[in-house]
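Trainee: Need coordinates for the below:
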Amino acid sequence: MYATLIAVSALWGAAAGLFVPRAAYRLAVEPGRERLDACPAGHPFTGPARGWLGVARCRGCADEAPGDGAHRAAGPAAPAAVAVTVTACAALAAATGPRPELAVWLLLTPVAVLLAVIDLRVHRLPDRLTLPLAGAAALLLGAAALLPDPAGSWPAALLGGLALGAVYFLLFVIHPNGMGFGDVKLALSLGTVLGWYGWGVLFTGAFAGFLLGSLYGGGLMILGRATRKSAIPFGPFMVSGAFTGVLLGALAARA
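Mentor: Numbers count the residues shown, from 1 in each chain. Got it, this is the predicted structure:
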């Protein structure tokens, strides 16, 4: 049964991951600009949901230069985004098992990957994703808590979101140049997810995010590619830390 669950989750990750590159390309814009409505060659995005749902491949580019459309529409990072989504979904299924919260993890994972990709590209975490993600995490976990055999606590999840959001807000107030307000809003959803499994998991996931970000920044400084004043995208490390915490929490809940 677990093998089937993991396989189905991986297939979901592959299907959902195919939509990440297009959305990442459209939302990876500088402050003051809402989105991109055309590929680099100027072809407008078309398809369901006003062009938001669809694979990275641009039909116009493919018609002009067959075989090159996917690269021109979304860039060379598109396969990596899909691979990360597949791997994350499969790992979460393996750790969580057939518990109701697994459906929540699988629904939230593609959005988390999307946010990480956008932050890596333009050092931004769009409000149109962070705020709905926080609300979705709270509502979906509330629904999971009503189903049989949940492994977590919905009140703890809500408190976790508030607690981690408050910590990041305090860091933003103390050092606004080192912590973006988008990180504060992302912390609301990640804290909710981590808090589901308790305060220990919340601390572990939050600490892992800071540790990974510190190691990355330190590595850049050692290589001479950054200084102490250089800004780095922290969202990917927040997401990676939360992913680590959820895996550990899910495994502990099954022990």
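Trainee: Confidence-wise, which helix or strand of the chain is lowest on average?
Mentor: Scoring the helices and strands of the chain by mean pLDDT, DSSP states H and E places helix 69-74 at the bottom, with a mean of 47.
Trainee: Toward the C-terminus from that one, list the very next helix or strand.
Mentor: Counting by DSSP states H and E, the next helix or strand C-terminal to helix 69-74 is helix 78-96.
Trainee: Which SSE is immediately downstream of that following helix?
Mentor: Using DSSP H and E, the helix or strand that follows helix 78-96 in sequence is helix 101-122.
Trainee: buried stuff in the helix or strand that comes right after that following helix?
Mentor: Per DSSP H and E, the first helix or strand lying C-terminal to helix 101-122 is helix 127-145. Judged by neighbour count (16 or more other Cβ atoms under 10 Å), helix 127-145 contains these buried residues: 129-130, 133-134, 136-138, 140-141, 144-145. Just so you know, the C-beta spots here come from the backbone N, C-alpha and C atoms, and that holds for glycine as well.
Trainee: Residues touching helix 127-145, excluding its own?
Mentor: By Cβ atoms under 8 Å, 6 or more residues apart in numbering, the residues outside helix 127-145 that reach it are 27, 100-101, 103-104, 107-108, 111-112, 114-115, 118, 150, 152-154, 157-158, 161, 182, 185-186, 188-189, 192-193, 196.
Trainee: next structured bit after the host helix or strand of residue 186?
Mentor: Element membership of residue 186, judged by DSSP H and E, is helix 181-195. As assigned by DSSP H and E, the chain's next helix or strand after helix 181-195 is helix 199-222.
Trainee: Compute the inter-axis angle for that following helix and helix 181-195.
Mentor: Here helix 199-222 points in a direction 140 degrees away from that of helix 181-195 (axes from the mean of the first three to the mean of the last three Cα atoms, to 10 degrees).
Trainee: List the buried residues for helix 199-222?
Mentor: Within helix 199-222, the residues that qualify as buried are 201-202, 204-206, 208-209, 212-213, 216-217, counting by 16+ other Cβ under 10 Å.
Trainee: do the same with stretch 248-255
Mentor: For stretch 248-255, burial by neighbour count (16+ other Cβ under 10 Å) applies to 248-250, 253.
Trainee: out of the residues you listed, which one sits closest to residue 9?
Mentor: residue 250 (12.5 Å; Cβ to Cβ).
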